[in-house]
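Enquirer: I would like to see how this sequence folds:
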Amino acid sequence: MIYSQRSSPHCSICPGHTDFRAFACGGPPPQNQHVDERTLRIAVLLSAHVIFLSAAALRIIRGQRGHQLVASAPWAIQYYPPLVWLPFLVAYVQPFAVDLDRVVRYVGLGVCIASALFAAWAMWSLGRSYGIRLDIFAGHALKTDGPYAIVRHPMYLGIIVFNLGASLALASPLLLAATALVVAPFTALRISYEERVLREAFGDRYATYERTTPTLVPLLS
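Expert: Prediction:
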């Protein structure tokens, strides 16, 4: 619906209520019915930065360490973390945005915040064992507690759910499609390579962990 920028000063529907009168007579809806687009978009981007900045900080904390095991994987798999954000960055400029109820969009924002915090928790739980590449470094520890007691790959779960939440918050069918057709399959491929490396590095310990903890979906063994 296209709203007129002016409302009739002589509306008989509800003469004592300016906001309702403007809306009923063809004017714009009351201000509180609008999504605060700028604030919502900034909040989504700040949520993503919880993950971005965690990765940068952990890279600095880890510093330079010797390799215990150098993974053999295509470069796109090795550099999954920065590449997986490309659909979100494209969607952020809002091509093909649709009209979506503001409640749904704010629910999406809540999902963004919760999933970003969950992914950051997973990253900080790894501490100096965190890395963008699949390589195993000297002193690398196998984490099985905290978020890693819920699923084996909590960071990837957080990233996928973040993209789903951002699809709603940004009202972006493009990001929703990219999450289903690109991000999720790309994540599954990264996991398959990562688990080969972890099996080689930790042997029976990782095999036991695999039997007792779901890969990506909680409670799904």
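Enquirer: can you map out the helices along the protein?
Expert: For the chain, the helices defined by DSSP state H cover 18-24, 37-62, 75-78, 80-83, 86-92, 102-126, 154-169, 173-178, 184-202, 204-212.
Enquirer: looking at the ones you listed, which is buried most?
Expert: Compared across those, helix 154-169 shows the largest average neighbour count, a mean of 24 (mean count of other CB atoms under 10 Å). Where C-beta positions appear, they are placed from N, C-alpha and C, glycine not excepted.
Enquirer: low-confidence ranges, the chain, go.
Expert: 1-35, 62-70, 95, 220-221 (pLDDT under 70).
Enquirer: domains for it, by residue range?
Expert: Following automatic domain parsing, one finds the domains of the chain at 1-34, 35-212.
Enquirer: centre of the chain to the last one, how far?
Expert: Relative to its chain's centre, domain 35-212 lies at 7 Å (CA atoms, centre = their mean, to the nearest Å).
Enquirer: could you number the chain from 7 rather than 1 from now on?
Expert: With 7 as the first residue, the last one maps to domain 41-218.
Enquirer: contacting residues for the residue positioned nearest the centre of the chain?
Expert: Closest residue to the average C-alpha location of the chain: Phe168 at 2.1 Å, with CA atoms, centre = their mean. Applying CB atoms under 8 Å, 6 or more residues apart in numbering to Phe168 gives the contacts Ser53, Ala54, Ile57, Phe94, Val117, Cys118, Ser121, Ala122, Ala125.
Enquirer: what about it, distance to Ala125?
Expert: 7 Å (CB to CB, to the nearest Å).
Enquirer: ramachandran angles for Ile156?
Expert: phi -90, psi -50 (degrees, to the nearest 10).
Enquirer: what sits closest to the residue nearest to the centre of the chain if chain neighbours are left out?
Expert: Excluding its sequence neighbours, the residue lying closest to Phe168 (CB to CB, 6 or more residues apart in numbering) is Ser121, at 4.2 Å.
Enquirer: and the one you found, how close does it get to Leu46?
Expert: Look at Ser121 and Leu46: by CB to CB, they are 16 Å apart.
Enquirer: about what we covered before: now the contacts of Phe168 as JSON lines including distance to Ala186?
Expert: Output for these, formatted as JSON lines (distance: CB to CB, whole Å):
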{"residue": "Ser53", "distance to Ala186": "20"}
{"residue": "Ala54", "distance to Ala186": "19"}
{"residue": "Ile57", "distance to Ala186": "20"}
{"residue": "Phe94", "distance to Ala186": "14"}
{"residue": "Val117", "distance to Ala186": "16"}
{"residue": "Cys118", "distance to Ala186": "17"}
{"residue": "Ser121", "distance to Ala186": "16"}
{"residue": "Ala122", "distance to Ala186": "20"}
{"residue": "Ala125", "distance to Ala186": "19"}
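Enquirer: between those, which is nearest Arg205?
Expert: Of all the contacts of Phe168, Ala125 has the smallest distance to Arg205: 23.5 Å, by CB to CB.
Enquirer: much appreciated, bye for now.
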